[in-house]
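[1] build me a model:
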Amino acid sequence: MKVEIWSDVMCPFCYIGKRKFENALATFPGRERVDVEWKSFQLNPDMKTEPGKSINDYLAEVKGWAPDYARQVNDHVTNLAAEVGLEYNMDQAVVANSFDAHRFVQFAKTKGKGDEAEEQLFRAYFTDGKNTADHDVLVALGTAIGLDEVELKSVLSGNEFGAAVRQDVYEAQQVGARGVPFFVLDRKYAVSGAQSSETFFAALEKSFGEWEKENPQPLQSLAEGAACTPDGICN
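    Modelled structure (predicted):
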């Protein structure tokens, strides 16, 4: 069964939601038959990469908040992240457009490394204070998970996978995603936001139960012996 997750690297609840979903999936009996696919979603496509600007100042500008209030909001999400074992250093976060980061993930998906790429990006942005729009940073993250350095540099230097990013954004609109994280299970059920692991587990149970009825697991042979086939051959 496929679970699609729309997210953006700059969304603090996306990383938290990732962990909560992973915790639920880790204890789910049918986890070996669940395929997770990460999908692109840009919260602010027009964002300019500004390494010298603090995330608090950025939020104050775009949302009209006072800098102190922006800091309080980030402190709050930092505490929520800590509850699931994540370390957020929001004062180090780099204001960066996420389009190339999404292209990086799209490329990684073709190599079976989508989940690893998402994890690297989230940690780079929220924990390590790295510029996730910088191609050198993305190449370093990619090689750390086994992606080919030359191939990745070639992808980032051009426009490859840009169409895949835009397709995901379009699909998000079609499935009703108005924000992220947004989880779609078997294209039947949706879970919006960084819900509790219990909520994710219940959603997995419901969607997987229905999916399994339509996709029964083949019987596994425990032993084979002499038998006759419908065509009359016995051996």
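[2] A93 is in contact with I55, correct?
    Yes - taking contacts as C-beta atoms under 8 Å, I55 lies within contact range of A93: 4.3 Å. Every C-beta, even on glycine, is put in place using the N, C-alpha and C of the backbone.
[3] which one's more surrounded, the two?
    A93 (23 against 20; other C-beta atoms under 10 Å).
[4] what does the more buried one show for phi and psi?
    Phi and psi for A93, reported as degrees, to the nearest 10, are phi -60, psi 140.
[5] roughly how far is the helix or strand hosting E198 from the heart of the chain?
    Taking DSSP states H and E as the criterion, E198 maps to helix 197-214. Chain-centre distance of helix 197-214: 19 Å, with C-alpha atoms, centre = their mean, to the nearest Å.
[6] change the start of the numbering to 6 and stick with it
    Right, with 6 as the first residue, what we last looked at is helix 202-219.
[7] what helices or strands is the worst-scoring helix or strand of the chain on mean pLDDT leaning on?
    Taking mean pLDDT, DSSP states H and E as the measure, helix 60-68 is the helix or strand of the chain with the lowest mean score, a mean of 93. With contacts defined as 3 or more C-beta pairs under 8 Å, 6 or more residues apart in numbering; DSSP states H and E, helix 60-68 has these neighbours: helix 72-88.
[8] contacting residues around the helix it packs on?
    Helix 72-88 is contacted from outside by 17-18, 20-21, 60-62, 64-65, 68, 70, 92-93, 95-96, 131, 199, using C-beta atoms under 8 Å, 6 or more residues apart in numbering.
[9] how about it: buried residues?
    Within helix 72-88, the residues scored as buried using 16 or more other C-beta atoms under 10 Å are A75, R76, V78, N79, V82, T83, A86.
[10] V78 versus the last one, what's the distance?
    Spelled out, that is A86. Distance from A86 to V78, counting by C-beta to C-beta, to the nearest Å: 13 Å.
[11] over to G237?
    Taking C-beta to C-beta, one finds G237 at 76 Å from V78.
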